[in-house]
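1. Let me see the structure of the following:
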Amino acid sequence: MWQVFLPMLLCSACTCSALTAGQAAGDVQPRPTEEVQVQPTEEVHTPPEAEELDHKLTKLPVRLVGGQNVLIGRVEVQYNGTWGTICDDNFDLNDANVICRQLGFERAVRVYHSGRYKTTDSSAPTWIDELKCNGEERNLVECNFNFDSHDCSTDHREDAGVRCYLPRRKHFPVKTLPVRFRGGRDGMEGYLQVFYRGRWGLVSGDDWSQINSKVVCGQMGYCGAEETKTVDETSGHFNFSAAYRSDRPFFWMKAVSCLGRESLLKDCRHLGFEGYYRMTAAKVRCLPSCQTYFQNGTERMVNIRLRGGVRPNEGRLEVFARGRWGTICGTYFFREAATVACRQMGFGSADRVLYATPFGRGVGYIWLQSVRCHGNEGNLLDCDHRFNRRPENEYYASCRHSHDASISCRVPRTNTRVRIVDGSKPSEGIVQIRHHGQWGTLCKSSRGQWTMTEAAVTCRHTGEGFPVSFTRHFSESSPANQTEGVITHWVVGMRCTGKEGSLHECVVGRKSSWVGARFCPDGPATVWCAKALPDLIPDADRLKSTLSKRIFREQLFRLRCALEENCLSKSAYQYDPTTAHGAYNTRKLLRFSARIMNRGTADFIPVQNRGRWQWHTCHQHYHSFEEFTHYNITGLDGRLVVEGHKASFCLEDVECDRDTSSRYRCHGNGQQGIRQNCADVYRYDIDCQWVDVTDLPSGTFTLTVAVNPLSLVPETDHSNNAAWCRFTFDSTSDTVTVLAWGLSGY
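-> Next comes the predicted model:
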């Protein structure tokens, strides 16, 4: 590998300085230099490898890992997305000072040699050797070093470590400390103010660091902050008079020092709330979005997400590993870990860590346990954790889905205001929106621009839960309309994708605009929201394990009830089962079991009341749904090949979690339903639990089992209602071979 001394790398007909190689590692005095003269007549060629490195090493991200806190640990630098160590050859306090300042601290107080905090990952690279800094550099790239070329041990016994200095400041506990920006162009930047003892005051900019800014931005719902130097150089447009309209600007806080693990500014240390004057004000600029960094590997998480929450910034925390989604054990999962997860997803710092699975329990694997973070890591995998190597066994991990981690993240406040009025409760009624300082009723559109999707965003925006209906009628007769000054109706074509967090993120059509009217031509937009709804999820693993290895053959005279309930393919109805020819017609049936779990926050109840259920004499039971599930087989091109369905002849609790008892039983004409954290199971050996493949040719196909396919019963999530299984079918030998399986949305 090319040996690089970066300051000498691109010298051409110039004088460069190089540090002597024989300096002792513990010497803290400036090192002597020798002049290296390049003759003007010589043509100096930079190797291609050096040019590439010089282009990529414009900045080397640095972190401390393996220590007791954020001030101490093994030094690692990132190159091409991979973190590597620094060899301790000639590593001294000058080098450590540069590293600590790059991390936002004042200086270093100690260096560690001989792998005091060495990594246990033998495959981790050693990026830097023979690091030589004079102690005044702002970034490691300004120092001299050998890159990706070293003579250190491969077992990392020579990893360099440092301990950084943090000035002694006190922590002043306060219950709340609101923050805001003033004097900037928008709500993402400006002079920082805090509200204390009934008065807004500025914050001193002395010793202000990017770490402080990151904590402030996290409190305001942003995932990161710009470097302090960049803000200082580009803040000429900041209006200080708008930040504090007084001849004597007032400051509340001085010498603020955050570690980066705090969720709120009030948790940082400082010199107290004394009331100061004549100081430099702290300036902050937050980042609207952050680049999520991932790590590769067979057991490395590549993504995280939130599920089951009303808003996008809250829910059950799930991670993706080994090709499928799973949950995180909430035991020992605290605010510091939640803040790391929130920032990784592009939100601000953590608002709350919630227990008792308020967003419903997860399904499948529990990937991570014992996640413990300092709070300043860039990824959950940088925290101490235990990866579950046997995730298929939920109880091996000593943690069950009843302990799934759930969090709520901070997001920026929006100025767009929406409310629901004229209903019997705050979660239902007519949608009103405040635009240009004026409240108005939002109107429907004859072009279908008010659907369940827009209703979902409205419920999410107002925090009222999930959409149940968008067609209910409400009369505009609330006295609040007159008292609040609602004098208009907004006729606007609004379209949402369903992923928005608020209505102001939805798109207004080109041919539509905010037009005020005395009434709505097509009626007002209405919603009906609910905070607790079921969530049905079919078990993909059960589907795969029970899918027939061979096809079952049945003669038509044994399938009369199945004929009555339309459980066979269309060709079966060409035969009369009462005749000898028709009765002995043989059907090929692909059998499987279906386990339907309810992982929502409420019980699943049939949409029709009991008095409207249909009695079927053949099976001697009621049908609460005519189409509770769809069983479809499609080709590789997605074309439907075989279609089937199953009525819900008996919705009941067959299996429940350990801490949940069954509630619904069909015996004795009982009430039907699926309780929260319970499952209904349709075994492969009961009627209609199959797909008729008599006419299916040989080939590769996908079986999809979709529950509640018509969305007749509202759920918290309809994207996970289908399990699939890809298989090959040999029509000659009637054999089935499973290739892959999974859950839609998972």
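2. Mean confidence (pLDDT) on the helix or strand where Arg343 lies, please.
-> Under the criterion of DSSP states H and E, Arg343 resides in helix 335-344. For helix 335-344, mean pLDDT is 92.
3. Off-centre distance for it?
-> 10 Å (C-alpha atoms, centre = their mean, to the nearest Å).
4. for stretch 382-389, same thing?
-> Its chain's C-alpha centre and that of stretch 382-389 lie 18 Å apart, by C-alpha atoms, centre = their mean.
5. gap between the two ends of it?
-> This stretch, stretch 382-389, spans 18 Å end to end (C-alpha to C-alpha, to the nearest Å).
6. backbone phi and psi for the most centrally placed residue in the chain, please?
-> Nearest to the mean C-alpha position of the chain, by C-alpha atoms, centre = their mean, lies Arg305 at 2.6 Å. The phi/psi pair for Arg305 (degrees, to the nearest 10) reads phi -160, psi 170.
7. One more: Asn97?
-> Per-residue torsions, Asn97: phi -60, psi -40 (degrees, to the nearest 10).
8. circling back to that earlier point, ok now do the residue nearest to the centre of the chain, which residues does it touch?
-> For Arg305, the contact set (C-beta atoms under 8 Å, 6 or more residues apart in numbering) comprises 317-318, 320, 325, 345. To be clear about C-beta, it is placed using only N, CA and C from the backbone, and glycine gets the same treatment.
9. if I look at Cys399, how far off is Cys329?
-> Per C-beta to C-beta, to the nearest Å, Cys399 is found 4 Å from Cys329.
10. shared neighbours of the two, anything?
-> Residues touching both Cys399 and Cys329 by C-beta under 8 Å, 6+ apart: 366, 369.
11. Now do the residue lying farthest from the centre of the chain, the pLDDT please.
-> For the chain, the largest distance from the centre (C-alpha atoms, centre = their mean) belongs to Ala580, which lies 61.0 Å off. Here, the pLDDT recorded for Ala580 equals 78.
12. how about low-confidence regions in the stretch 1-150 of the chain?
-> Applying pLDDT under 70 to the stretch 1-150 of the chain flags residues 1-58.
13. Could I get the full set of strands for it?
-> Counting by DSSP state E, counting those that start in this stretch, the stretch 1-150 of the chain has strands at residues 15-19, 33-37, 62-66, 72-79, 82-86, 108-112, 126-132, 144-147.
14. Same check on the stretch 451-600 of the chain?
-> Per DSSP E, counting those that start in this stretch, the stretch 451-600 of the chain carries strands over the ranges 466-469, 488-491, 494-495, 507-508, 515-517, 526-530, 536-538, 552-555, 586-591, 594-598.
15. and His385, which of those strands is closest to it?
-> strand 536-538 (25.9 Å; C-beta to C-beta).
16. ok, residues contacting that closest one?
-> Contacts for strand 536-538 (C-beta under 8 Å, 6+ apart): 363, 594-600, 604, 674, 705-708, 715, 720-723, 743.
17. That strand - what's its average pLDDT?
-> Taken as a whole, strand 536-538 has an average pLDDT of 94.
18. who does that strand pair up with?
-> For strand 536-538, the paired strands and their directions (DSSP bridges) are strand 594-598 (antiparallel).
19. Output the partner strand in CSV with nothing but the alpha carbons.
-> The C-alpha trace of strand 594-598 is given here as CSV (Å, rounded to 0.1, in the frame of the first residue of the first chain):
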residue,chain,number,x,y,z
ALA,A,594,-52.9,-20.2,8.5
ARG,A,595,-52.2,-18.6,11.9
ILE,A,596,-53.6,-15.0,12.1
MET,A,597,-52.1,-12.9,15.0
ASN,A,598,-53.6,-9.7,16.4
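20. Quick one: end-to-end distance for stretch 698-714.
-> Stretch 698-714 stretches 38 Å from its first residue to its last (C-alpha to C-alpha).
21. Would you indicate which residues of it are buried?
-> For stretch 698-714, a neighbour-count test (16 or more other C-beta atoms under 10 Å) marks 701-709, 713-714 as buried.
22. any idea which helix or strand carries Ser733?
-> With DSSP H and E as criterion, Ser733 is part of no helix or strand.
23. Quick check on it: phi, psi?
-> Dihedral angles of Ser733 (phi, psi; degrees, to the nearest 10) stand at phi -90, psi 0.
24. quick one: low-confidence parts of the stretch 351-500 of the chain?
-> Within the stretch 351-500 of the chain, the segments meeting pLDDT under 70 span 390-397, 414-416, 446-448, 477-487, 491.
25. Going by residue numbers, what spans are helices in it?
-> For the stretch 351-500 of the chain, applying DSSP state H, counting those that start in this stretch gives helices covering 452-462, 480-483.
26. ditto for the stretch 101-250 of the chain
-> For the stretch 101-250 of the chain, the helices defined by DSSP H, counting those that start in this stretch cover 210-219, 228-233, 240-243.
27. which one of those helices is the most hemmed in?
-> With neighbours taken as mean count of other C-beta atoms under 10 Å, these reach their highest mean count in helix 210-219, at a mean of 26.
28. what's the angle from that one to helix 335-344?
-> Here the directions of helix 210-219 and helix 335-344 differ by 80 degrees (axes from the mean of the first three to the mean of the last three C-alpha atoms, to 10 degrees).
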